[in-house]
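1. let me see the structure of the following:
(chains A and B)
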There are 2 protein chains.
Amino acid sequence: MRVKNAAGRTIETAIGDKTLKPFAGAKKYSWCSKVTSLTDALKKCGLKNGNTLSFHHQLRNGDNVINMTLAAARDLDVKNIRMAQTAIFNVHEPVIDFIKEGVVNRIEGSINGVVGDFVSKHPLPYPVVLRSHGGRWAAVKTDELHVDIAVIAASAADVRGNCTGIIGESAFGPISYSEIDAMCADHVIVVTDNVVDYPCKFQEIQERYVDYVAEVDRIGDPKNIMSGTTKITEDPMKLQIARDCVELMDAVGIIKEGMIFQSGAGGISLAAMKYLDDRLEEKDIVAATATGGLTKLICDIYKAGRVKNIYYSQVFDEYSVKFIQEDLGLPADIGHYADPTSKGRTIDGLDTVVLGATEVDTNFNVNVNTHSDGRLLHGIGGHQDTSAGSSLCIISCPVFRKANPIVREKVTTITTPGDVVDAIVTNEGTAINPQRKDIIEKVEGKINLVPIEELKNMAYDATGGPEELDLGEEIVGMTKWMDGTVLDIIKRVKE
Amino acid sequence: MRVKNAAGRTIETAIGDKTLKPFAGAKKYSWCSKVTSLTDALKKCGLKNGNTLSFHHQLRNGDNVINMTLAAARDLDVKNIRMAQTAIFNVHEPVIDFIKEGVVNRIEGSINGVVGDFVSKHPLPYPVVLRSHGGRWAAVKTDELHVDIAVIAASAADVRGNCTGIIGESAFGPISYSEIDAMCADHVIVVTDNVVDYPCKFQEIQERYVDYVAEVDRIGDPKNIMSGTTKITEDPMKLQIARDCVELMDAVGIIKEGMIFQSGAGGISLAAMKYLDDRLEEKDIVAATATGGLTKLICDIYKAGRVKNIYYSQVFDEYSVKFIQEDLGLPADIGHYADPTSKGRTIDGLDTVVLGATEVDTNFNVNVNTHSDGRLLHGIGGHQDTSAGSSLCIISCPVFRKANPIVREKVTTITTPGDVVDAIVTNEGTAINPQRKDIIEKVEGKINLVPIEELKNMAYDATGGPEELDLGEEIVGMTKWMDGTVLDIIKRVKE
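-> Alright, predicted model coming up:
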């Protein structure tokens, strides 16, 4: 069939097996400022009962955005929100009230501190779902976790919605976590206290994804935005563990030209990086890349020329924020870093990572989420991602803490399964996962190898063994492996 | 129901209305080099008869990649390929042979020169589909144009597939066009002549999307990669048109602090930018942003501080390629720049753009695709995108060329509909689209306004009017508006 279109041309409505639509008229595309209030933005995005709101956690314990968004939702009389944050902290204590008031009734995302404690004692109607950084990215990408409204904190944004966390008074580093939310959520609100001239000079999130820019007084408290976990430990026992992590790396033979490494932000992990740096210097070796979170320590190694590239997704201290404003390096969003559904991830080339644990067990399973008393007190972070991506995943911990055995028969909660954990370095020696015969062969005779059972026995001897938890049937949460399967169920401990 | 998962934990298989999958075991993620030959990559990507292969055109008339990919397909005895390039040039003359041999039987993408001429005379089984930059991005994004294998030329790539066009001997600027292909195609091959240390320092396309890196001798000929269209015209008549474009801008009142402008790469457009720069200097005004293609002229304006930002998707000359290696500015991929399905595009804030035309008509429709003899000789580029995105879209052209009226009753092919074209600046005066009463009001008495009908009459008087084309029923191609509707049908001219 032929029709005359709006431009006056006669066109076919089908050619071969393809249907064609006639041109119906053109209009100018235009733009207008997206800046409004947070409440207005939420209303215009159609916030309603039962919606899922997502947030990133880069403002850490200085974040105002989650609390103020939920307060705005409460003022709009909205109930039963599902939070889909990448993490929350003690600053988010008001979430407890929002739960009590019925504003929030579900949480999918990393959780710790006071809110974790509350939820552990007062389970929500649906369990808290804990996913790794990469696992969460994949869940949003595949719509396993559908976000109605993504609420994205930015330390600078222009009136069209291009935004960043790299500059501004509340700068926290690249936004990293939220691009997938921006791409997949039905609606997107950027929240900022710093509307800058268009175009914003850095743009982790671009206007193409943004519906509104909510201007607020303060997105956060700069002095609490920076993590408290970036101080190198001064505890001699922990320093020894850190040194032994580096001895293990060296024995395995990975401290060599072009190595790729990552540390967690915990005290032992950071100390291990300091000793690794010393070793790089001694051996006059240049590493290829440091991945993960950026700290002054890593910036210093980079400035000294002992690592060629910084490939980071988070920035943990003020020094590093200022550093990347001048030398951006390679910011990697979480999809690039750790999306398990992608064709290649930054962390898959990791030669080694040093991570912490609240508990480890004789199957090399690691718990970073719950205390041994069963309470959900710690975030999940990228523990799974880096463990699975690294050739040598090192868990560093003492065999016991106070009266609590850290190395034990069975972790309270599995965060990272033993299949991807290679070594546990403790104050009483190093256990290598028996699956990693290649590693054992390389290190035998060079380091103090101790079977994991023995480490457990030492812990039990010193502490009398773990306290038996009186678990009920109520489910508090679950940990998922990054492919979306359920690793473990966290049950309420009877008081 | 409860089951024991692979970590030995008892988990629920459903909670509420949600089904849960038990953890089935973890394995280490690893990576291996993706580098191979082009033929091997095509085989591994399952290239077969009827597939759609996509390409970008940033290597322009120096490109080797399209020809070598089609040659590899021919050697694999593959037929009926649909090409989905962003543009082709005279260097792609071998495509004519690939068509004759049955290797290629359909083309969706900008086309010009010898291949355009051939196809105009020998229509393909399905018409050539011409889409604007933004329209093509949207077509791939919405799966209107499904790509089986994206073949992406890169002037540097690492072994994992992170790649760029910004560095290397064959540097051509940011890849810009291909990210949507990388994200949406079933398979992705990066083609490079420059495998660099991991991680590649610039990464317009990241490993997460890439299946293979095909290493070849030369992706292109550097001296032909840079466009020949970036010379400022020396023709006094054209220079006068360029000056009049700037007079029009000034009369409309848009030459002011914070303006955003773009030029095409044609001679008049570039000259207009030069005069605009002079005017900025005279008025001591700083523009906010220059968008679009980067040339030495724009870099110089930026260096002189008369425009604050360069927001570019293409780089047209060697000077500019070197420039961005040192000062990256704001590269905008085509989705950011012009995706009509997005929530905000870089070009929607354009105060003005100066574009060329092969023909314009009294309805302000513009043709940039076909010669007046009906042959499909010119690329479509971002003409539609910038016209619709700009507040003042200026078309610059003489009223006639040789014996051919440029201003005419009816353009041979509609590329950009008159609804989004605001002014036509010619050597005989300026016509303003009567729909734009606001513009007419502002400029009346300040510039030489001539009704479009009069410009047409001058053209017809001087040339005797347009030649009547003897059009048959065979369809050569179609132009689509950026929303996917059919603007015009291009028919074969009987010889």
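
2. so where do the strands sit in the stretch 51-200 of chain A?
-> A:52-55, A:81-85, A:104-107, A:128-130, A:149-154, A:156-157, A:163-164, A:187-192 (DSSP state E, counting those that start in this stretch).

3. for the ones you listed, give me JSON lines that also has distance to chain B.
-> Every residue, glycine included, has its C-beta placed from N, CA and C. Shown next, in JSON lines, are these (distance: least, Cβ to the nearest Cβ, whole Å):
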{"stretch": "strand A:52-55", "distance to chain B": "13"}
{"stretch": "strand A:81-85", "distance to chain B": "12"}
{"stretch": "strand A:104-107", "distance to chain B": "10"}
{"stretch": "strand A:128-130", "distance to chain B": "10"}
{"stretch": "strand A:149-154", "distance to chain B": "12"}
{"stretch": "strand A:156-157", "distance to chain B": "12"}
{"stretch": "strand A:163-164", "distance to chain B": "12"}
{"stretch": "strand A:187-192", "distance to chain B": "8"}
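
4. where does the stretch 151-300 of chain A come near chain B, residue by residue?
-> Taking Cβ under 8 Å from any Cβ of the partner chain as the contact definition, the stretch 151-300 of chain A meets chain B at A:160-161, A:188, A:197-199, A:201, A:203, A:206-211, A:288-289.

5. swap in the stretch 301-450 of chain A?
-> Taking Cβ under 8 Å from any Cβ as the contact definition, the stretch 301-450 of chain A meets chain B at A:308-309, A:311, A:330, A:335-336, A:339-340, A:342-349, A:363, A:365, A:388-391, A:414, A:417-420.

6. just the buried residues of the residues you listed.
-> Among those, those that count as buried by neighbour count (16 or more other Cβ atoms under 10 Å in any protein chain shown) are A:309, A:311, A:330, A:335-336, A:339-340, A:342-349, A:363, A:365, A:388-391, A:414, A:417-420.

7. what about these, which are in strands?
-> Counting by DSSP state E, these place A:309, A:311, A:330 in strands.

8. separation between the second one and A:Arg345?
-> To tie it back to what came earlier, the one meant is A:Tyr311. Distance of A:Tyr311 to A:Arg345, given as Cβ to Cβ, to the nearest Å: 11 Å.

9. common neighbours of these two, please.
-> By Cβ atoms under 8 Å, 6 or more residues apart in numbering or on different chains, A:Tyr311 and A:Arg345 have these common neighbours: A:Tyr337.

10. just want the residue of the stretch 51-200 of chain A that's nearest chain B.
-> A:Arg160 (5.2 Å; Cβ to the nearest Cβ).

11. for A:Tyr177, which non-adjacent residue is closest in space?
-> Counting by Cβ to Cβ, 6 or more residues apart in numbering or on different chains, A:His56 is the residue found nearest to A:Tyr177 once chain neighbours are left out, at 4.0 Å.

12. what is the burial count for that neighbour?
-> If you count neighbours by other Cβ atoms under 10 Å in any protein chain shown, A:His56 ends up with 26.

13. swap in the one 5 residues further on?
-> The tally of other residues near A:Asn61 (other Cβ under 10 Å) stands at 19.

14. check A:Thr39 too.
-> A:Thr39 is flanked by 17 other residues according to other Cβ under 10 Å.

15. ok, it - contacts?
-> Applying Cβ under 8 Å, 6+ apart to A:Thr39 gives the contacts A:72, A:75-76.

16. of those residues, which is the nearest to A:Arg436?
-> When these are ranked by distance to A:Arg436 (Cβ to Cβ), A:Ala72 comes first, at 50.7 Å.

17. farthest pair within the residues of the stretch 151-300 of chain A next to chain B?
-> Across those, no pair lies farther apart than A:Asp211 and A:Ala288, at 40.2 Å, counting by Cβ to Cβ.

18. just the mean pLDDT for stretch A:34-52, thanks.
-> Averaging pLDDT along stretch A:34-52 gives 98.

19. what's the end-to-end length of it?
-> Start and end residues of stretch A:34-52 are separated by 22 Å (Cα to Cα, to the nearest Å).

20. same thing with stretch A:106-117?
-> Taking Cα to Cα, stretch A:106-117 runs 15 Å from one end to the other.

21. stretch A:9-28 and chain B in contact?
-> Yes. Stretch A:9-28 lies within reach of chain B by Cβ under 8 Å from any Cβ, at A:9-12, A:15-16, A:18, A:20-28.

22. what are the contacting residues of that stretch?
-> Counting by Cβ under 8 Å, 6+ apart, A:1-7, B:125-127, B:388-389, B:391, B:414, B:417, B:419-420, B:475, B:478, B:481, B:484-489 sit against stretch A:9-28.

23. average pLDDT for it, rounded please.
-> 96.

24. what does stretch A:325-332 give?
-> The average pLDDT within stretch A:325-332 is 94.

25. residues making contact with it?
-> The contact list for stretch A:325-332, computed with Cβ under 8 Å, 6+ apart, reads A:166-167, A:171, A:173-174, A:176, A:204, A:291, A:302, A:309-313, A:324, A:346, B:199, B:201, B:203.

26. and that stretch, what's buried?
-> A:329-332.

27. check stretch A:428-444 too.
-> Buried residues in stretch A:428-444, counted by 16+ other Cβ under 10 Å: A:428-433, A:436, A:439, A:442-443.

28. same thing with stretch A:466-486?
-> For stretch A:466-486, by 16+ other Cβ under 10 Å, it's A:466, A:475-486.

29. domain-wise, how is chain A divided?
-> What the record gives for chain A is the domain set A:35-108+A:145-225, A:229-469, from automatic domain parsing.

30. these: which one's closest to B:Asp148?
-> Nearest to B:Asp148 among the domains of chain A is domain A:229-469; the distance by Cβ to Cβ comes to 15.7 Å.

31. now that A:Ile334 has come up, it's in contact with A:His133, right?
-> Yes. In this structure A:Ile334 lies within contact range of A:His133 using Cβ atoms under 8 Å: 5.1 Å.

32. any residues in contact with both of the two?
-> Listed as contacting both A:Ile334 and A:His133 by Cβ under 8 Å, 6+ apart are A:177, A:313.

33. ok, A:Ile189 - contacts?
-> Counting by Cβ under 8 Å, 6+ apart, A:Ile189 touches A:38, A:41-42, A:45, A:149-152, A:210-214.

34. do the same with A:Gln206
-> A:161-162, B:336, B:344.

35. change it to 7 Å
-> Listed by Cβ atoms under 7 Å, 6 or more residues apart in numbering or on different chains, the contact set of A:Gln206 reads A:162, B:336.

36. got the confidence number for it?
-> 98.

37. try the one 5 residues further on
-> According to the predicted model, the pLDDT of A:Asp211 comes to 98.

38. ok, it touching A:Val190?
-> No. Look at A:Asp211 against A:Val190 with Cβ atoms under 7 Å: they stay out of range, at 8.8 Å.

39. out of those two, which sits in the more crowded spot?
-> The neighbour count for A:Asp211 versus A:Val190, taken as other Cβ under 10 Å, is higher for A:Val190 (33 against 20).

40. OK, contacts around the more buried one?
-> A:Val190 touches A:152, A:154, A:157, A:161, A:163, A:205, A:210, A:213-214, counting by Cβ under 7 Å, 6+ apart.

41. buried ones among the residues of stretch A:9-28 next to chain B?
-> Buried members of those, counted by 16+ other Cβ under 10 Å: A:9, A:11-12, A:15, A:20, A:22-23, A:26.
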